[in-house]
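In: could you look at this predicted model? Sequence included:
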Protein chains: 2
Amino acid sequence: MEPIKILVVDDEPNIRDLLASGLRFAGFSVLAVGNGNDAVTAAEKGNPDLILLDVMLPDMSGFSVTKKLRSMNILAPVLFLTARDEIEDKITGLTVGGDDYMTKPFSIDEIIARINAILRRTKQASVEKSVIEVGEVRIDEDAHDVFVNGESVELSPTEYKLLRYLMENANRVLSKAQILDHVWEYDFNGEMGIVESYISYLRKKLDPLTNEPVLLTKRGHGYMFKSLKKK
Amino acid sequence: MEPIKILVVDDEPNIRDLLASGLRFAGFSVLAVGNGNDAVTAAEKGNPDLILLDVMLPDMSGFSVTKKLRSMNILAPVLFLTARDEIEDKITGLTVGGDDYMTKPFSIDEIIARINAILRRTKQASVEKSVIEVGEVRIDEDAHDVFVNGESVELSPTEYKLLRYLMENANRVLSKAQILDHVWEYDFNGEMGIVESYISYLRKKLDPLTNEPVLLTKRGHGYMFKSLKKK
DNA sequence: AGCAACGTTCAGCATTCTCACAGGTTCTGG
DNA sequence: CCAGAACCTGTGAGAATGCTGAACGTTGCT
């Protein structure tokens, strides 16, 4: 099976590397460049399945890059990255086709979820299903719905992301640092205690509906989503 | 089968030697350097499978090293080492890919376990399975779960590490000094009586579930995990 | 503006863990 | 068979870790 190719375009090396290593670890084949011209060249040669494109680039804007690509008949969907206070209005018009956009700062897991969502929509086969089901809990990625034994559960955005990350790694201990790095935005500067808080929130919502606790504390190591049956 | 190559980067010679000899004995091919510049050079030439990287280096931080490596397209996973008080502030963002981190002081066996965990997740080949099974006892390294004849047993972190070390060396006598060196943190300066205590704890938890004692005392020599069947 | 939902920190509480110690038990050499 | 060595294990103090409710600021919605 061919790996899915992603072209990452961001001028900040930190963000670029963060994205590259995160996406590579998630199984994508990644090519990363730092400006618009290189992006066009790389897209032409590399024929990526998706382009992760910062809107603010040193030489040309992400819009121009997209326009140029389209005129060259390169139709890979684009996931735009933009700072929170930058022009959200102008972006909305651009997310035609399969495109989408995200604001910085983001969490790496959220980026991957969006990428998968886009690829799913643009009829790429071989992309994982939009439903994650482990034991008694089921998540619908498209609708952002969570069900426990058929009963719907309302989760806040952060609760949802945390649960998804834990379920994607079911039956594997995840340290608080790993959870923080994957679920929270990359510029989060707080304490790990917040993970404990959110684990607590999730338990309060999930445990009344499950036959046995699904979120286990592995003292000294971290947390684990447990299910008897394998995924 | 090619040995797995590890690059060790730490400026304290004691720690560096401890790591190097411990990892060599565990079967890895080790290259050890003392600063960030040498690390970059060595990584470039040596093409290691994993990098053990102290965050505090004399010339540049572990972050910069990683950044430099990534920009050179050296994608070996990194296991960061950091003092316990440096942890809380700047550790976030480190474990995005397959990376992980550990706090100093550590135990050498714990380092090896983490290395294997990372290698298991990145390259799936040629790395031992995450399950250690000897006789009636089974350990799941990913979940940190312990089963005796199918029944789950709850162990504290130290109990778990001790049991793992004994099982990795099943049917071989281990002296208390060896156990102390492998299982306890390298700056532990207590008495060996602690080993006796933890052996006792383990027996109290394991013996009720086994058909015959698995932890044998070799008076005057040490302890041994015994199993009739070979692993 | 007012309100509700959310994210974040913090402090107090509870639990668990580590480790030392000490008295008891088993083993071994002479 | 005795004495000393080696080992076992209960007790408890203090530390580490984790849980949770409360408070507060921010954001978005009506």
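Out: It's in. Here the structure is a predicted model, which is why all the values come from computation and not from measurement. Numbering: from 1, shown residues only, chains lettered A, B, ... in the order given.
In: quick check, stretch A:180-196 touching DNA strand D?
Out: Yes: Stretch A:180-196 is in contact with DNA strand D by Cβ under 7 Å from any atom of the strand, via A:193, A:196. Every C-beta, even on glycine, is put in place using the N, C-alpha and C of the backbone.
In: for that stretch, the averaged confidence score.
Out: Across stretch A:180-196, pLDDT averages out at 93.
In: so where's chain A uncertain?
Out: Applying pLDDT under 70 to chain A picks out residues A:1, A:84-97, A:123-128, A:229-231.
In: what sits against residue A:61?
Out: Contacts of residue A:61 were listed using Cβ atoms under 8 Å, 6 or more residues apart in numbering or on different chains, and they are A:36, A:55.
In: any idea how far it is from residue A:43?
Out: Distance of residue A:61 to residue A:43, computed by Cβ to Cβ, to the nearest Å: 16 Å.
In: now residue A:161: which helix or strand?
Out: Applying DSSP states H and E as the criterion places residue A:161 in helix A:157-168.
In: list of residues touching that helix?
Out: A:107, A:109-110, A:113, A:132, A:134, A:137, A:139, A:141, A:144, A:146, A:155, A:174, A:179, A:182-184, A:195, A:198-199, A:201-202, A:205-206, A:215, A:223-225.
In: identify those among these that sit within strands.
Out: Among those, the ones falling in strands (DSSP state E) are A:132, A:134, A:137, A:139, A:146, A:215, A:223-225.
In: looking at those, which is nearest DNA strand C?
Out: residue A:146 (12.3 Å; Cβ to the nearest atom of the strand).
In: got the domain ranges for chain A?
Out: A:5-121, A:131-225 (automatic domain parsing).
In: can the first one be said to contact DNA strand C?
Out: No: applying Cβ under 7 Å from any atom of the strand, one finds domain A:5-121 out of contact with DNA strand C, separated by at least 9.8 Å.
In: what's the closest of the domains of chain A to residue B:94?
Out: Smallest distance to residue B:94 across the domains of chain A (Cβ to Cβ): 6.7 Å, for domain A:131-225.
In: show me where chain A has helices.
Out: A:13-25, A:36-46, A:62-71, A:88-92, A:108-121, A:157-168, A:176-183, A:193-206 (DSSP state H).
In: could you say which of these is packed most deeply?
Out: Neighbour counts (mean count of other Cβ atoms under 10 Å in any protein chain shown) averaged over each of the helices of chain A peak at helix A:176-183, with a mean of 23.
In: so how far is that helix off the chain centroid?
Out: 13 Å (Cα atoms, centre = their mean, to the nearest Å).
In: likewise stretch A:184-199?
Out: 17 Å.
In: quick one: end-to-end distance for it.
Out: This stretch, stretch A:184-199, spans 14 Å end to end (Cα to Cα, to the nearest Å).
In: check whether that stretch contacts DNA strand C.
Out: Yes: contact of stretch A:184-199 with DNA strand C (Cβ under 7 Å from any atom of the strand) involves A:184-185, A:188-191, A:193-194, A:197-198.
In: from residue A:138, how far off is residue A:214?
Out: Distance from residue A:214 to residue A:138, by Cβ to Cβ: 12 Å.
In: look at these two and report which has more neighbours.
Out: Ranked by neighbour count (other Cβ atoms under 10 Å in any protein chain shown), residue A:214 and residue A:138 place residue A:214 first, with 24 against 16.
In: what's near enough to touch the more buried one?
Out: So residue A:214 contacts A:135-137, A:206-207, A:225-227 (Cβ under 8 Å, 6+ apart).
In: and if we set it to 6 Å?
Out: In this structure, residue A:214 makes contact with A:225-226, judged by Cβ atoms under 6 Å, 6 or more residues apart in numbering or on different chains.
In: which parts of chain A sit against chain B?
Out: Within chain A, the positions near chain B by Cβ under 6 Å from any Cβ of the partner chain are A:17-18, A:21-22, A:25, A:108, A:171-173, A:177-178, A:180-181, A:186, A:218, A:220-221.
In: phi, psi of whatever residue of chain A ends up closest to DNA strand C?
Out: DNA strand C sits closest to residue A:190 of chain A, with a gap of 2.5 Å, by Cβ to the nearest atom of the strand. In this entry, residue A:190 is assigned phi and psi values of phi -90, psi -160 (degrees, to the nearest 10).
In: circling back: using a markdown table, please lay out the helices of chain A together with distance to residue A:98.
Out: As requested, the helices of chain A are exported to a markdown table (distance: least, Cβ to Cβ, whole Å):
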| stretch | distance to residue A:98 |
| --- | --- |
| helix A:13-25 | 18 |
| helix A:36-46 | 15 |
| helix A:62-71 | 12 |
| helix A:88-92 | 15 |
| helix A:108-121 | 5 |
| helix A:157-168 | 22 |
| helix A:176-183 | 25 |
| helix A:193-206 | 32 |
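In: spatially nearest residue to residue A:133, not counting backbone neighbours?
Out: Using Cβ to Cβ, 6 or more residues apart in numbering or on different chains and skipping residues adjacent in sequence, the residue nearest residue A:133 is residue A:139, 7.4 Å away.
In: partners of that neighbour in the sheet?
Out: Residue A:139 has these beta-bridge partners by DSSP bridges: residue A:132, residue A:146.
In: so what's it up against?
Out: A:132, A:146, A:164.
In: what is the burial count for the second one?
Out: In this case it means residue A:146. Counted with other Cβ under 10 Å, residue A:146 comes out at 23.
In: I'd say it and residue A:153 touch.
Out: Yes: contact between residue A:146 and residue A:153 holds when scored by Cβ atoms under 6 Å: they sit 4.6 Å apart.
In: number of residues surrounding residue A:184?
Out: Residue A:184 sits with 25 neighbouring residues when counted by other Cβ under 10 Å.
In: quick check: it vs residue A:159, distance?
Out: From residue A:184 to residue A:159 the distance is 12 Å (Cβ to Cβ).
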